[in-house]
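Asks: coords please:
(2 chains)
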Number of protein chains: 2
Amino acid sequence: MSVNKAKAIVLLSGGLDSATVLAYASQQFSCHTLSFDYAQRSLSEINAASKLAEHYACSYQLIHIDEGVMSGSALTDKNIAVPESETEAGDEGIPVTYVPARNTLFLSHALAVAEVHGALDIFIGVNAVDYSGYPDCRPAFIHAFESMANLATKAGVEGRKLRIHTPLIDKTKAQIIQMGVELGVDYGQTVSCYQANTRGEACGHCDSCLLRKKGFEVLHIADPTRYF
Amino acid sequence: MSVNKAKAIVLLSGGLDSATVLAYASQQFSCHTLSFDYAQRSLSEINAASKLAEHYACSYQLIHIDEGVMSGSALTDKNIAVPESETEAGDEGIPVTYVPARNTLFLSHALAVAEVHGALDIFIGVNAVDYSGYPDCRPAFIHAFESMANLATKAGVEGRKLRIHTPLIDKTKAQIIQMGVELGVDYGQTVSCYQANTRGEACGHCDSCLLRKKGFEVLHIADPTRYF
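Replies: Numbering: from 1, shown residues only, chains lettered A, B, ... in the order given. Prediction:
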């Protein structure tokens, strides 16, 4: 890490989107990466995240969020099935994979860590595909969080503006992959599957796998994902 | 708990303020209480909180927040001294007892738990004394958090409005005590001291003790606090 770069906090799940964000943010910032362990099904994402942080020579922090805080989602509750196609959305268009207040909790942790590290910049890989279904991926939510963050913190009071960066927000999956390929991201090392196995191999059938597959297809780029 | 009451989430530290909020909220709501263990010095507050929850027949959830997420405060870092008088504020009026993004993190957890429990009402005991020094106790912060919360969640999208209740926000310490006495709160069971001992006895000298003492003095009410 260059000592001349300002510090930024990057939320890193180990998936395709956040890997692209990390590659992007690393160009300009010295990045401190955060992953979350919140009883989600796919721990192989966390392994992928720590390897990506190492690859980009970034510090890495795994934060545990208590079980029961974000339950009631297909991603955190074994009694709710992970949908096998994009058409199986939940009521009112919110997917059953929605996790209660997930991005609010992730960004709140990032905000605290940013204050501890003296960072003013936080990166999160939300994008157009996400915000069509998840309320906490919408631009309006991100703007509201940023406003709140600047009222909540010492930095904000002292006039140093905290920024929530969403470099992927208007991009489709194909555009994200295009951006990552240009940045040299090795997508074979990322895990996006909702039910990846312990080796980080993907199912190829869940919402997340289908979206990702389609992205490579549209670009006529060979899909480097390891499927089981 | 009455089955006819709507459910609310109440942040309960075990101190004077949150005990008053719980007594107040319990009149109208079936309360689920949340305490946080974030490597703060005073674990005796947590013991007081669980006893208060029991007294008010509320469910109780202790949430752990990883060490290192909110470090750099006199309350979370043993290398920073707890101030011995109200005059020793930090730079720019923010006390050294300010904990990075604390209320943002607390309210974010409460928001997730509210979604899991189907609750729309969250209570927090911030007040006028706090918001003169802590940025995340100001009415503007609370309003910004509430706006963000309604954009972040399934409830908000579906038009069920989430509310952050701050029944103490305009009150001085004396007014809070007056309110609590009328509600029958036993303040001898609450712990406000920044460095209380394991039996929940208070130092009598820290910011928090001095403020609390003064409240009882102003009202000419005997101070039931147990000092060591």
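Asks: any part of the helix or strand of chain A with the lowest mean pLDDT near chain B?
Replies: Lowest mean confidence among the helices and strands of chain A (mean pLDDT, DSSP states H and E): helix A:128-131, at a mean of 81. No: Helix A:128-131 is not in contact with chain B by Cβ under 8 Å from any Cβ of the partner chain; minimum separation 10.9 Å. Heads up, the C-betas are built off the backbone N, CA and C, glycines and all.
Asks: packing partners of the very next helix or strand once past that helix?
Replies: Moving toward the C-terminus from helix A:128-131, the next helix or strand (DSSP states H and E) is helix A:139-152. Contact partners of helix A:139-152 among helices and strands, from 3 or more Cβ pairs under 8 Å, 6 or more residues apart in numbering or on different chains; DSSP states H and E: helix A:102-117, strand A:163-165, helix B:102-117, helix B:139-152.
Asks: for helix A:139-152, which residues meet the burial criterion?
Replies: Neighbour-count burial for helix A:139-152 flags A:141-142, A:144-152 (criterion: 16 or more other Cβ atoms under 10 Å in any protein chain shown).
Asks: returning to that earlier point: who touches the least confident helix or strand of chain A?
Replies: A:137-139, A:169-173, A:211 (Cβ atoms under 8 Å, 6 or more residues apart in numbering or on different chains).
Asks: between these, which is nearest chain B?
Replies: Comparing the contacts of helix A:128-131 against chain B with Cβ to the nearest Cβ places A:Arg138 closest, at 6.7 Å.
Asks: before we move on, the earlier item: the helices and strands packed on helix A:139-152: which one's closest to A:Glu45?
Replies: helix A:102-117 (13.4 Å; Cβ to Cβ).
Asks: identify the residues contacting the helix or strand just after the closest one?
Replies: Sequence-wise, the next helix or strand downstream of helix A:102-117 (DSSP H and E) is strand A:121-123. Strand A:121-123 is contacted from outside by A:6-11, A:21-22, A:24-25, A:29, A:31, A:107, A:110-111, A:114, A:162-167, using Cβ under 8 Å, 6+ apart.
Asks: buried set for the longest strand belonging to chain A?
Replies: In chain A, assigned by DSSP state E, the strand with the most residues is strand A:29-37. Residues A:29-36 are the ones in strand A:29-37 that count as buried (16+ other Cβ under 10 Å).
Asks: neighbouring strands - and their directions - for it?
Replies: Partner strands and pairing direction for strand A:29-37 (DSSP bridges) are strand A:6-11 (parallel), strand A:59-64 (parallel).
Asks: what's in contact with that strand?
Replies: Residues beyond strand A:29-37 that count as contacts (Cβ under 8 Å, 6+ apart) turn out to be A:1-3, A:5-14, A:22, A:25, A:43, A:45-46, A:49-50, A:52-53, A:56, A:58-65, A:105-106, A:109-110, A:113, A:117, A:119, A:121, A:123.
Asks: same thing but at 6 Å, please
Replies: Here strand A:29-37 makes contact (Cβ atoms under 6 Å, 6 or more residues apart in numbering or on different chains) with A:1, A:5-12, A:25, A:46, A:49, A:53, A:58-65, A:110, A:117.
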